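Novice: Make a model of this:
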Amino acid sequence: MKHEIRIAGSGGQGVVFAGTILGRSACVYEGLNVIQSQSYGAEARGGRCRADAILSDGEIYDIIVTKPDVLLIMNQTSMDFYNNLVADCPTILINSDIVKKIPETNGRVFKIPATKIANDLGTPAVSNMAMLGGFSAVTEIIRGESIEKSLRETLGKDIVERNIHAVREGFKQTE
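Specialist: Model (predicted):
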């Protein structure tokens, strides 16, 4: 089993952090081999940003995601930019509060109200974790418990529970 995953959004949405937590969860708690990378513009916030991960129970010979089988799209700009990947991607998860226009696709599209979940928790910065919760629910590649363990080891006590709550809500509210 091998999966190529791309998380796309803009700087400030926690895309890189989501990719790091995804990779850590897969490697440390799921026993998978992982290659994880990110790309972002020079702007601190607002510029195009992506995090890629290749997860496999076998050897990984590729170093970049070329044909993702899972896309997590955080904003409309990213959906528009990666529309060439959407048509043939089997699984697409969108932040349904922001992404309104979806190109034609042969894949399954799952909607996660990630921005609403984060705002309801009083922490807009956790929409990325709501997206990872939805990813866990839809793909079953990474268990929610693995994401939670990674968060507990990575974040301080003052913010970890809000992030974990966002993961759980994203898992429950994915449609």
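Novice: Quick one: mean pLDDT for the helix or strand harbouring Asn84?
Specialist: Taking DSSP states H and E as the criterion, the element that holds Asn84 is helix 83-86. Taken as a whole, helix 83-86 carries a mean pLDDT of 90.
Novice: cool, stretch 23-36 as well?
Specialist: Predicted confidence along stretch 23-36 averages 95 (mean pLDDT).
Novice: Now do the buried residues in that stretch.
Specialist: By neighbour count, and taking 16 or more other C-beta atoms under 10 Å as the criterion, the buried residues in stretch 23-36 are 23-27, 29, 32, 34-36. To be clear about C-beta, it is placed using only N, CA and C from the backbone, and glycine gets the same treatment.
Novice: can I have that stretch written out in CSV, keeping just the CAs?
Specialist: The C-alpha trace of stretch 23-36 is given here as CSV (Å, rounded to 0.1, in the frame of the first residue of the first chain):
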residue,chain,number,x,y,z
GLY,A,23,4.1,12.3,8.5
ARG,A,24,4.9,11.8,12.2
SER,A,25,1.7,10.0,12.9
ALA,A,26,2.2,7.7,9.9
CYS,A,27,5.8,6.9,10.8
VAL,A,28,5.8,6.7,14.6
TYR,A,29,2.4,5.3,15.3
GLU,A,30,1.3,3.5,12.2
GLY,A,31,4.7,2.0,11.3
LEU,A,32,4.7,3.3,7.8
ASN,A,33,7.7,4.6,5.8
VAL,A,34,7.3,8.3,5.1
ILE,A,35,8.7,11.0,2.8
GLN,A,36,7.4,14.4,3.8
